[in-house]
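> Quick one: sequence and predicted model below, then my questions.
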Amino acid sequence: NTLLLDSGIVVRLGGSRAPLPAGRRAGTTAEPDADAAKAALGALVLKQPVRLGLDDEETDRYGHMEAQVFIDAPDGAWVNQQMVARGFARVVPLPKGRRCLDELIAAEATARANGLGIWADPYYSVRDAGDPAALADREGRYELIEGEVVGTGESRGRLYLDFGRVWKDDVTATIDQKARALFVATGLDPLSLKGERV
C-alpha cells in the first residue's frame, strides 16, 4: 500500500490498507491476496505521473507520507479509491485524512457486496463481535467486527461499547476523547449506540 516516487519519497495510500506482504522479520507471512493487490497497484501507477492530495506534509516514524494519490492525466484515476473499489484494499478510518472517507467507504461497501478481490476470501470477512472465541486468534490484526452493542459506559475519559454481557470475556470497543470528538462532530454520541448493530 506504498509507492516509491522517483523523488525518493515513499507515499502510503491514505485511508486504506492493502493486504500486507511477507515482512522482513523471520516467521512473518504474507496476508492472502497480497501479491494480487501489489500487481493491481502497479498496474494503476507504475511509470505514471501522480499528484498527491495531502492533509499535511508530515512523515511517519518510517519516513512515509500519507496522501490521496491521483494519476496526473486528464482522466486520471484516484488511486486510493480504485484500489478499494476493486477489492484490493480496505478502508482504514484514522483521525487524520478523513476528507475522502465517505467516498472510500461507499467504494468498499460496493466491492464487499459484490465479493470483489479480497472480499471473496473468508480471511477478510466481517467478524461477529458476539463470538469472542472466534476472534481470539485474530488479535493484533486489522479486522472488521460487527455486532449489537449491549451496553455502553464511560470511565476515566474513555468510552466503552460492550458487545457482550461480561466485559472481561466479551468484545469491548474503547473510544478515547479525540475519537469521541470525531463522532460528536458528525452528530453521533457513541453512548447512544446501546441496542444498535454497528
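Cool, the structure landed.
> and the residue located most distally from the centre of the chain, what are its phi and psi?
Within the chain, the residue lying farthest from the chain centre (CA atoms, centre = their mean) is residue 74, at 28.6 Å. Backbone torsions for residue 74, taken as degrees, to the nearest 10, come to phi -50, psi -40.
> Mind naming the longest strand for this protein?
strand 64-71 (DSSP state E).
> What residues sit buried inside stretch 14-27?
Judged by neighbour count (16 or more other CB atoms under 10 Å), stretch 14-27 contains these buried residues: 14, 15, 16, 17, 18, 19. Heads up, the C-betas are built off the backbone N, CA and C, glycines and all.
> Can you show me the CA trace of the stretch of helix or strand residue 182 belongs to as PDB?
Here residue 182 sits within helix 177-185, counting by DSSP states H and E. Only the C-alpha atoms of helix 177-185 are listed here, as PDB (Å, rounded to 0.1, in the frame of the first residue of the first chain):
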ATOM      1  CA  GLN A 177     -11.600  11.500  23.800                       C
ATOM      2  CA  LYS A 178     -10.100  12.500  20.500                       C
ATOM      3  CA  ALA A 179     -12.000   9.800  18.700                       C
ATOM      4  CA  ARG A 180     -15.200  10.700  20.600                       C
ATOM      5  CA  ALA A 181     -14.900  14.300  19.400                       C
ATOM      6  CA  LEU A 182     -14.900  13.000  15.800                       C
ATOM      7  CA  PHE A 183     -18.100  11.100  16.500                       C
ATOM      8  CA  VAL A 184     -19.700  14.000  18.200                       C
ATOM      9  CA  ALA A 185     -18.700  16.400  15.300                       C
END
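> distance between that helix and the chain's centre?
From the chain centre to the centre of helix 177-185 is a distance of 18 Å (CA atoms, centre = their mean, to the nearest Å).
> can you check stretch 115-129 too?
13 Å.
> which residues are in contact with that stretch?
19, 31-33, 36-37, 40, 85-90, 111-112, 134-135, 138, 143-148, 163-164, 171 (CB atoms under 8 Å, 6 or more residues apart in numbering).
> Sweet, I'm off.
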